[in-house]
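Peer 1: have a look at this prediction, sequence included:
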Amino acid sequence: MRIHVFAFLLMVLSVSLFAQVQVPVPATTTTAPAAPQDTTKKETPVSVPAGNDQSSAPRNYNNIVRSNTITRRGLFTIHKTDNNYYFEIPDSLLGRDLLIVCRIAQGAAGIRQEYTGYAGDQINNTVIRFEKGPSHKLFLRRITFEENAGDSTDAMYNAVVRSNLQPLVAAFGIGAYGPSGRSSLIDVTDYINGDNDVFFFNSAARKTMRVGSMQNNMSYIKDVNAFPLNLEIRTIKTYVQTVSDNNFTLELNTSVVLLPKKPMRKRFSDRRIGYFSERYTDYDANPQGVRVVSYIKRWRLEPKPEDVAKYIAGELVEPQKPIVYYIDPATPKVWVPYLIKGVTDWQVAFEKAGFKNAIIALEAPTARENSNWSLEDSRHSAIVYKPSSFANAAGPIITDPRSGEILESHINWYHNLMSILREWYMIQCAPNDPRAQKMTFDDELMGQLIRSVASHEVGHSLGLTHNFGASATVPVEKLRDREWLATNGHTPSIMDYARFNYVAQPEDSVGERGLISRIGVYDIWAIEWGYRWLPRAKTAEEETPVMTIWANERLRNDKLRFGSEFSTDDPRSQTEDLGDNAMRAGDYGIKNLQRVVPHLTEWTYQPHEGYRSLTTMYNALTNQFDYYLGHVMTYIGGEYETLKSMDQPGPVYETVPVDQQREAMDFLSRHIFQTPMWLLDTAILTRIGQSPTQIISRSQDMVLSSLLSPSRLSRIVTSEATYGRKAYPLINYLDELDEALWTELNTYESISLYRRNLQRSYIERLLDLASPSKSDREYRDVAPIVIIKLGEIQQHIRKGMLKMKDVMSIYHLRYIDNKITTTLADKQR
């Protein structure tokens, strides 16, 4: 059966009818584009009552467009007469969908925050239409696509339309009609000079950046330019900052982009392949209810008409319009080649989808090379350099909401990202890579780290979400196999947060290709699934059966499994983890941390500097240790979520096997309940001034707080109710946790300061859970079970004290005994 299904898929992929395609018009500012033929259903003109808003009668065209008028032809013809700007809008574009994108072209001094306020930041994204109304007016209508009812001849369609009238947001008097009578001139000077949430800040961006009222006397139009498919509006805006009442000035770029008359065909999303998506409520798809329709975000890649037969035959062809990324001219030149590689590394994935040269990276032209080229021009996608002290990168995208087509992307590259890359790589990989054993990495090493992060962000800009499940498909021991890693890499997906290979040991001699993440088999599959052109299918609905059969077949390969970052109870879908067993991976990771600690003072040495770098790296090391603890804790009370279609056998949800949950408990007992003294290097602590008890207590308290959280206890009980004997019983869980924390009561050894702090913290949390008012919200048996457990601990303490010789240990145990007695007595009053 499997062979027949796959043969059917190949047949569907190899048969096609030729499709009519539209070739993009090259940019120009001197000639107007041919007026497109409008075959869309016209909306009924808006009727407005007479009143003060009535326009005066239109003037003669030549009274506005005079001999001194500056004219630029493009999507709209732009006229500048004196200080007034006019849009000449052809009737053929009335009712057409226009995408508005506003970005900061030049940021203001003193208002930047962690992620916002930089040149290139997007502050608005909306769709509008211009419509002709009565009394010589053009109206501007804001458009959303949240509801749909299919066929326009259907009664349901009319009902949905009647209930979803899109709002009018501006009205313009028609100043004159064009010479042919097929266009209208409107004066947009006041609208562009003013403040509105269509062309400029939307409410969310305004709130985030703390933007108050606009200062009209210090704001003006800098320029308006016209291109065949878009307008670019440059303005200088001065605002009052809401938190300080100080003025700040920005240069803004607003793009008005003509969306395709015929939207790209949607591709319905599949939760088993991680794509960002658009969605709407469909009232027509289900006659007995409504359905939320979700479709992926992707670029439009189609063969050129002359190459369709070649594509069908399986030859690689170039797309009509490749994906092009420009590198911001402000980027330090040394990193440009690595950013370019981070983009073009994805070409192997597009070749699997049938396209060669589908994704390209170029250095942006300088002003001297092309004075008309702009980074904010909506036709250009770019990797934008942000001179920021914040360590981050992000890959936002602009899409056509009607189809999910990605129109452009501005990947934000924050300068200080390199500092966090250096921290991660030194802490995780320095035992395996001597190049990481210093504070200033060689350009080649840092360049490769930048390349990896750039590939991840480009993946987002291609529509891919995080795949936190990818790294969990790799057996831990393969992460130490040099030859296997050189071929496969340490994770099947660059979209996972599996930064670097912290499992490999120095004796494994793993090279760079086995240490730094790169594009893997999942990424190649995801791009193939999202971008393979299926010409035989005429609609998205016709594609769906083919795509589902294809996915069912391919997903038999575990390496192609997707794990959502929102599956927080699944130990296979975690951030910063590696391998199919977090306990074994964590053991190896801790061995490497233990190798780093004795050398950290040496590796962070910088002449004539203080110990700030040592402090930073030591904190990064303890954070990495906490990650390992967190990865392991997810197994306890965890539940696997394997996304499936109804055509696939087996359950979607399964409890984590009890033996793995107990393995996790053993890991925590060995690495955190038994004090990790290796962390407390005196040479480091005496230089950075950190308290050893605070370092240990912070990690121990984090673990106890998580293990005894009501939500985890509730999951354990729910699992027991659902899976019966396959689950980890709550009573057994608490018994084994108790056993790990009170070993001295069996050996009668003295209890160290760190263990005393741990035991007191444990008792305080149990006493808190013994209050029904807090635990009953999650699970009503928690308080009674905990109260009985505290009684058992008291009995154990009283017996242990009889044979304990260390005075401090005895005082400590007496204190806990009294604490349990008095607290429980108070709770029962």
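Peer 2: Now that the structure is in, tell me what you want to look at. Computed from a prediction, not measured in an experiment: that's the story for all the values here.

Peer 1: just give the number of residues close to Asp647.
Peer 2: Asp647 has 9 neighbouring residues, counting by other C-beta atoms under 10 Å. Where you see a C-beta, it was placed from the backbone N, CA and C, and this is true even at glycine.

Peer 1: list the contacts of the closest residue to Glu232 other than its chain neighbours.
Peer 2: Excluding the flanking residues, the one nearest Glu232 by C-beta to C-beta, 6 or more residues apart in numbering is Asn225, at 4.7 Å. With contacts defined as C-beta atoms under 8 Å, 6 or more residues apart in numbering, Asn225 is in contact with Thr29, Arg72, Gly74, Ile78, Leu231, Glu232, Ile233, Arg234, Asn372.

Peer 1: pick out whichever of these sits closest to Gln241.
Peer 2: Arg234 (22.1 Å; C-beta to C-beta).

Peer 1: so the closest one, which of the three states?
Peer 2: strand (DSSP: H, G, I helix; E, B strand; the rest coil).

Peer 1: ok, it - contacts?
Peer 2: With contact taken as C-beta under 8 Å, 6+ apart, Arg234 is in contact with Ala105, Ile221, Lys222, Asp223, Val224, Asn225, Glu251, Leu252, Asn253.

Peer 1: pLDDT score for the residue nearest to Glu232?
Peer 2: pLDDT, Asn225: 91.

Peer 1: likewise for Glu43?
Peer 2: 37.

Peer 1: returning to that earlier point: show me what the helix or strand containing the residue nearest to Glu232 pairs with in its sheet, parallel or antiparallel.
Peer 2: Asn225 is part of strand 220-227 when elements are defined by DSSP states H and E. Strand 220-227 sits in its sheet next to strand 230-241 (antiparallel), going by DSSP bridges.

Peer 1: mean confidence for the partner strand?
Peer 2: 93.

Peer 1: mind listing what's buried in whichever helix or strand comes after it?
Peer 2: Using DSSP H and E, the helix or strand that follows strand 230-241 in sequence is strand 247-258. In terms of neighbour count (16 or more other C-beta atoms under 10 Å), strand 247-258 has its buried residues at Phe248, Thr249, Leu250, Glu251, Leu252, Asn253, Thr254, Ser255, Val256, Val257, Leu258.

Peer 1: one more: stretch 708-718?
Peer 2: So, applying 16+ other C-beta under 10 Å, buried residues of stretch 708-718: Leu708, Pro710, Arg712, Leu713, Ser714, Arg715, Ile716, Val717, Thr718.

Peer 1: can I get those residues in CSV including distance to Ala582?
Peer 2: Converted to CSV, these look like this (distance: C-beta to C-beta, whole Å):
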residue, distance to Ala582
Leu708, 20
Pro710, 23
Arg712, 16
Leu713, 21
Ser714, 22
Arg715, 17
Ile716, 18
Val717, 23
Thr718, 22
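
Peer 1: and which of the residues you listed is nearest to Asp768?
Peer 2: Among the buried residues of stretch 708-718, Leu708 lies closest to Asp768 (C-beta to C-beta), at 8.4 Å.

Peer 1: circling back: most neighbours of all the contacts of Asn225, which one?
Peer 2: Busiest of the contacts of Asn225 [other C-beta under 10 Å] is Gly74, holding 24 neighbours.

Peer 1: is that one in contact with Leu231, as I believe?
Peer 2: Yes. Gly74 is in contact with Leu231 according to C-beta atoms under 8 Å; the separation is 6.7 Å.

Peer 1: flag the shaky bits of the stretch 151-300 of the chain, pLDDT-wise.
Peer 2: 151-164, 283-289 (pLDDT under 70).

Peer 1: ok, for Asn247, nearest residue in space, not its chain neighbours?
Peer 2: Thr238 is the one closest to Asn247 (C-beta to C-beta, 6+ apart), at 5.6 Å.

Peer 1: ok, that neighbour touching Glu251?
Peer 2: No. Thr238 is beyond contact range of Glu251, at 10.6 Å (criterion: C-beta under 8 Å).

Peer 1: which element follows the one helix or strand Ile192 maps to toward the C-terminus?
Peer 2: When elements are assigned from DSSP H and E, Ile192 belongs to helix 189-193. Using DSSP H and E, the helix or strand that follows helix 189-193 in sequence is helix 203-208.

Peer 1: ok, and what's touching that following helix?
Peer 2: By C-beta under 8 Å, 6+ apart, helix 203-208 touches Gln113, Thr116, Gln122, Ile123, Asn124, Asp197, Val211.

Peer 1: rerun that using 7 Å as the cut-off
Peer 2: Here helix 203-208 makes contact (C-beta atoms under 7 Å, 6 or more residues apart in numbering) with Thr116, Ile123, Asn124, Asp197.

Peer 1: write the PyMOL selection for whichever of these are buried.
Peer 2: Buried subset of the contacts of helix 203-208, written as a PyMOL selection, criterion 16+ other C-beta under 10 Å:
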select buried, resi 116+123+124+197
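
Peer 1: dump the contacts of helix 203-208 to a markdown table, plus distance to Gly630 and secondary structure.
Peer 2: Compiled in a markdown table, these are given as follows (distance: C-beta to C-beta, whole Å; DSSP: H, G, I helix; E, B strand; the rest coil):
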| residue | distance to Gly630 | secondary structure |
| --- | --- | --- |
| Thr116 | 29 | coil |
| Ile123 | 36 | strand |
| Asn124 | 38 | strand |
| Asp197 | 41 | coil |
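
Peer 1: least confident of the contacts of helix 203-208?
Peer 2: Least confident entry in those, by pLDDT: Thr116, with 73.

Peer 1: turn the contacts of Arg234 into CSV, columns for distance to Met264.
Peer 2: Below are these laid out as CSV (distance: C-beta to C-beta, whole Å):
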residue, distance to Met264
Ala105, 29
Ile221, 34
Lys222, 34
Asp223, 31
Val224, 29
Asn225, 27
Glu251, 33
Leu252, 29
Asn253, 25
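
Peer 1: domain parsing of the protein, as residue ranges.
Peer 2: Here the domain parsing of the chain from automatic domain parsing is 61-258, 305-603.
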